[in-house]
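# Sequence plus predicted model, see below.
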2 protein chains.
Amino acid sequence: MKIGELSRATGTNIETIRYYERIGLLPAPDRTAANYRSYGDAHRSRLSFVRHSRELGFTIDEIRSLLDLSDDPARDCGEADRIATRHLEQVEEKIAQLTLLRDELTRIVGRCRGGVAADCRVIEALGDHRHCENAH
Amino acid sequence: MKIGELSRATGTNIETIRYYERIGLLPAPDRTAANYRSYGDAHRSRLSFVRHSRELGFTIDEIRSLLDLSDDPARDCGEADRIATRHLEQVEEKIAQLTLLRDELTRIVGRCRGGVAADCRVIEALGDHRHCENAH
DNA sequence: ATGCACCCTGTAGCAACTACAGGGTCAAGC
DNA sequence: GCTTGACCCTGTAGTTGCTACAGGGTGCAT
Ligand SMILES: [Zn+2]
Ligand SMILES: [Zn+2]
Ligand SMILES: [Zn+2]
Ligand SMILES: [Zn+2]
């Protein structure tokens, strides 16, 4: 499989595939006589793992650890679960943060009654956190 | 006011203040004889506006537009409200996205029963989107 | 032989900072 | 008068996870 096929098979940008190779996330594949990268099924499923994990929000470093684990099938899976659990907690924290933000923005946006910038309550609220009702 | 005081007064990293000046978000202040930056109240309130807007998630470019508006008090405030409304919509979209993610991660994390990596359902789920129940 | 799709390397750009390195300034204390 | 320490300066490079070229080579069809 050439890089363009792998790209289509996994929905990954070609430049991204080369980037993953450069940072050591994907192993360097064999090359054809013309120096083209030549991939097999193992590459494709590894890349799918990476892309799916990225879509779920894992960082490259977390994915590196997860790949190390799945490369060594006899190891205890506790670490995978710890990584996933910690990531879940971070997502929950981010949701909580954004929810506060949303509430504050809703209040701010709702205050505008039109008119000139000098009197705009939106601009006023942005300039002074004391108009806010919660922390952020 | 020297840069350290401005930093303490607004809770902004010194390097960040210099960065904002470099990208033209804050005007270059006067200098003392020793070439130290010397700030006044106008700088402080402009920086507070910037920091508060950043805490609310606005991008630097959006803040640039908002500052342009508040520099010109006779202008209609419609643009400020459009910027804030659009930002609110983006925050809501992000929350919706993260909520899907959280649900999927909760399911994935809940599947682990311990054991070796070869049998781990977490690693299996990360490798194959077909185990997922929603899009992401 | 010429067009086109595809591949290669290497470098630079994005957002919004943050972290030095390598220097200058200034007031206090001995 | 000399050192110590806190503060300030410029300029550059690093962070994360890509993405976008520039400038070239390869392979196949017309
Ligand atoms: Zn308004
Ligand atoms: Zn606020
Ligand atoms: Zn497990
Ligand atoms: Zn999935």
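That came through, no problem. Owing to the predicted nature of the structure, the values given are computational and were not obtained by experimental measurement. Ligands and ions are numbered 1, 2, ... in the order given.
# next one: phi and psi at A:Asp41?
Backbone geometry at A:Asp41, expressed as degrees, to the nearest 10, gives phi -60, psi -40.
# any idea how chain A splits into domains?
A:1-75, A:79-136 (automatic domain parsing).
# for those domains, which one sits closest to ligand 2?
Smallest distance to ligand 2 across the domains of chain A (Cβ to the ion): 3.1 Å, for domain A:79-136. (Each C-beta comes from the backbone N, C-alpha and C, glycine too.)
# ok so, going back, a markdown table for the domains of chain A, including distance to chain B, mean pLDDT and mean neighbour count?
A markdown table is the format used below for the domains of chain A (distance: least, Cβ to the nearest Cβ, whole Å; pLDDT from 0 to 100; neighbours: other Cβ atoms under 10 Å in any protein chain shown):
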| stretch | distance to chain B | mean pLDDT | mean neighbour count |
| --- | --- | --- | --- |
| domain A:1-75 | 3 | 97 | 15 |
| domain A:79-136 | 3 | 94 | 17 |
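# Which helix runs longest in chain A?
For chain A, the helix with the greatest residue count under DSSP state H is helix A:78-110.
# what about it and DNA strand C, touching?
No - contact of helix A:78-110 with DNA strand C (Cβ under 7 Å from any atom of the strand) is absent, the minimum separation being 14.3 Å.
# Compute the inter-axis angle for that helix and helix B:78-110.
On the basis of axes from the mean of the first three to the mean of the last three Cα atoms, to 10 degrees, helix A:78-110 is oriented at 160 degrees to helix B:78-110.
# separation between A:Ile95 and DNA strand D?
18 Å (Cβ to the nearest atom of the strand, to the nearest Å).
# what ranges do the helices span in chain A?
For chain A, helices defined by DSSP H occupy the ranges A:3-10, A:14-22, A:41-55, A:60-70, A:78-110, A:121-127.
# Make TSV out of these and add distance to B:Leu66.
What follows is the helices of chain A, written out as TSV (distance: least, Cβ to Cβ, whole Å):
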stretch	distance to B:Leu66
helix A:3-10	40
helix A:14-22	34
helix A:41-55	33
helix A:60-70	34
helix A:78-110	12
helix A:121-127	6
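# sorry, back to before: nearest to B:Cys77, of the domains of chain A?
Closest approach to B:Cys77 among these (Cβ to Cβ): domain A:79-136, 3.6 Å.
# Distance from the chain centre to the closest one, please.
Distance of domain A:79-136 from its chain centroid, counting by Cα atoms, centre = their mean, to the nearest Å, is 21 Å.
# So it, near ligand 2 or not?
Yes - using Cβ under 5 Å from the ion, domain A:79-136 reaches ligand 2 at A:His129, A:Cys132.
# Make a markdown table from the domains of chain A and add distance to B:Leu126 to it.
What follows is the domains of chain A, written out as a markdown table (distance: least, Cβ to Cβ, whole Å):
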| stretch | distance to B:Leu126 |
| --- | --- |
| domain A:1-75 | 5 |
| domain A:79-136 | 8 |
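# So which of the ones you listed is nearest B:Cys112?
Nearest to B:Cys112 among the domains of chain A is domain A:79-136; the distance by Cβ to Cβ comes to 4.6 Å.
# Between the two ends of the closest one, what distance do you get?
Length of domain A:79-136, first residue to last, Cα to Cα, to the nearest Å: 32 Å.
# ok, A:Ile60 - contacts?
Listed by Cβ atoms under 8 Å, 6 or more residues apart in numbering or on different chains, the contact set of A:Ile60 reads A:Ile23, A:Leu25, A:Arg54.
# Tell me the one of those nearest ligand 4?
So of the contacts of A:Ile60, ranked by how close each gets to ligand 4 (Cβ to the ion), first place is A:Arg54, at 10.8 Å.
# Skipping adjacent residues, who's closest to that closest one in space?
The spatial neighbour of A:Arg54 that comes closest, neighbours along the chain excluded (Cβ to Cβ, 6 or more residues apart in numbering or on different chains), is A:Ile63 at 7.0 Å.
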